[in-house]
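Novice: here is my input; please provide its structure:
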Amino acid sequence: MADILFISQSFLKENTQVSDNVDVKYIRESILWSQDSQIQPILGTTLYRKLQTDIQASSLTGVYKTLVDDYIQVCLKHYVTAECLQMAHYKITNKGLQIQDSEQSQPASSTRLDKLVEQEKNKGDWYRQRLIDYLCEYTSLYPEYENPDSGVDTI
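Specialist: Below you'll find the model as predicted:
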């Protein structure tokens, strides 16, 4: 399946401190990694793929839309922001790893960067637990969660 994003780049920029001028490739990679590493293990592969299919077909409705809008997106935005913070601070060039800098601003210290990343991950963890609690409470609304497919690639 093609890479289907649970949050858009514009959603991230509108709902976090991520600036409008952050390179799209940083954001896209951060969203994909955060979805795969943080959201898929919670939902399981079957429900995860069902949501991706519905998003791709623009047919996300009802309890599935509630799950994405009210639980997954708010959780995901914090994990993605943490990833963006780390990736935007540095750039890999043919000269090696470079710290981003400009004439009008100064890059944050690595200590400050680490603290900001930790804060965003803590927020993501809080919303992650909220997502888990919601799914446990309303398992019957999501048959793909309660009855996952089987196979070696199924989480």
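Novice: so where's this structure uncertain?
Specialist: 1-2, 19, 23, 87-110, 148-155 (pLDDT under 70).
Novice: apply 50 and report the result again.
Specialist: For the chain, applying pLDDT under 50 flags the ranges 152.
Novice: scan this protein for its longest helix.
Specialist: Longest among the helix segments of the chain by residue count, using DSSP state H, is helix 110-137.
Novice: buried residues in it?
Specialist: Residues 113, 116-117, 120-121, 123-124, 127-128, 131, 134-135 are the ones in helix 110-137 that count as buried (16 or more other Cβ atoms under 10 Å). Where C-beta positions appear, they are placed from N, C-alpha and C, glycine not excepted.
Novice: could those residues go into JSON lines alongside distance to Ser34?
Specialist: Output for the buried residues of helix 110-137, formatted as JSON lines (distance: Cβ to Cβ, whole Å):
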{"residue": "Leu113", "distance to Ser34": "18"}
{"residue": "Leu116", "distance to Ser34": "16"}
{"residue": "Val117", "distance to Ser34": "13"}
{"residue": "Glu120", "distance to Ser34": "11"}
{"residue": "Lys121", "distance to Ser34": "10"}
{"residue": "Lys123", "distance to Ser34": "13"}
{"residue": "Gly124", "distance to Ser34": "8"}
{"residue": "Tyr127", "distance to Ser34": "12"}
{"residue": "Arg128", "distance to Ser34": "11"}
{"residue": "Leu131", "distance to Ser34": "13"}
{"residue": "Tyr134", "distance to Ser34": "18"}
{"residue": "Leu135", "distance to Ser34": "18"}
